[in-house]
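1. Fold the following for me, if possible:
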Amino acid sequence: MRFERPEIIRPPSEHASYYLPLTSGCSNNTCAFCAFSFTNLGIRDLKDVKSEIDAMSLYMKSRMALPGQPDIVYAILRRWDGRRVFLQDGDALVYPYPKLVEALQYLNGKFPSLERIASYATPQDVLRRSVAELRALKDLKLGILYVGVESGDDEVLKRIKKGATHAEMVAAADKVREAGILLSVTVILGLGGVQGSRRHAMETARILTEMAPDYAGALTLTLIPGTPLYLEWEKGNFELITPFDSLKELRTIVEHAEFSDCFFSSMHASNYFAIRGSMPRDKGKMLAQLDAILSKKDPALLRPEFLRGL
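-> Predicted coordinates:
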């Protein structure tokens, strides 16, 4: 089956990276809120991966293009500084381990001055790897993994078909930390709906405390037409919280999560209000910002709907 190069979906912090596809879609393509639920996992042939790395190397050395590579390769290379690579797609860590090692060895051989390689990963991806295997990937410059936690509430996780429990995600975080790889996680405000809002926020604060990520970001639920959660909303089986209630959830998470050293933010475009800071140092400042906007409840202080996006 022919491998289809995926669209570029990456964490904001990987904006300057080269986007190298190992997979397309996501292995856990059942999440009820996610557009990846439309896609099946595709595994790219290692030979094709190496051919693209060859093209990257030739271009960076001589500005020469190899025939047969898609235009997007050179569009990315023209602004790439050679420092970082982001492995696509939704969970590139699912790529067969021996082939993943070989791909990273080949990439490092062509770019010995590479600073860091990054990837999305599901908790399941991490749990199927031993700490020794993760350390081997760290030695090959896999420096950060991005994991969608979404919620710490097992009821929510089951309803959205996350495929992992609260305890499993904490166990995955322990492995990543033991391997010396940075961990960046995201949670989604509003995912518990109106009825489950408080529990979702409190359990999410608890899981962030237990996972102890290096970076944590809050997004706000945006319903995508055609997804299972959107259909549940259309049927009246799921009630969206209000924009200000999403900020109440954010405040609960900031107040109750006990971080040892984490950069926490709600800078994503889906959010109605942005905060950022180093935790626990900036907790008081962020709570004060949220208290100020929640006390006024002025819609003019929120990001307007037409500017919100994924």
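2. only C-alpha atoms for contact and neighbour calcs from this point on.
-> Will do.
3. Quickly note the distance from the nearest residue to residue 192 once chain neighbours are set aside to residue 64.
-> Among residues not flanking residue 192 along the chain, residue 200 sits closest, at 5.5 Å (CA to CA, 6 or more residues apart in numbering). As defined by CA to CA, to the nearest Å, residue 200 lies at a distance of 52 Å from residue 64.
4. and if you look at residue 208?
-> 46 Å.
5. who has more neighbours, the two?
-> Applying other CA atoms under 10 Å to residue 208 and residue 64 shows that residue 208 carries more neighbours, namely 26 against 13.
6. Would you mind giving the secondary structure of the most centrally placed residue in the chain?
-> When the chain is reduced to its mean C-alpha position, the nearest residue by CA atoms, centre = their mean turns out to be residue 146, at 4.3 Å. Three-state call for residue 146 (DSSP: H, G, I helix; E, B strand; the rest coil): strand.
7. ok, residues contacting stretch 175-188?
-> Stretch 175-188 has contacts (CA atoms under 8 Å, 6 or more residues apart in numbering) with 126-127, 130-132, 134-135, 138, 142-151, 173, 204, 213-221.
8. swap in stretch 298-310?
-> Applying CA under 8 Å, 6+ apart, the set of residues contacting stretch 298-310 is 222, 268-273, 293.
9. ok, and the most crowded of these?
-> The contacts of stretch 298-310, ranked by neighbours (other CA under 10 Å): first place residue 271, 27 neighbours.
10. and that one, what element?
-> Per DSSP states H and E, residue 271 falls between elements, in no helix or strand.
11. shouldn't it be in contact with residue 219?
-> Yes. Under the criterion of CA atoms under 8 Å, residue 271 makes contact with residue 219 at 5.8 Å.
12. what sits against residue 60?
-> For residue 60, the contact set (CA under 8 Å, 6+ apart) comprises 77, 82.
13. I'd like the distance between it and residue 52.
-> Relative to residue 52, and taking CA to CA, residue 60 is found at 12 Å.
14. Quick one: classify residue 223 as helix, strand or coil.
-> Residue 223 - assigned by three-state DSSP - is coil.
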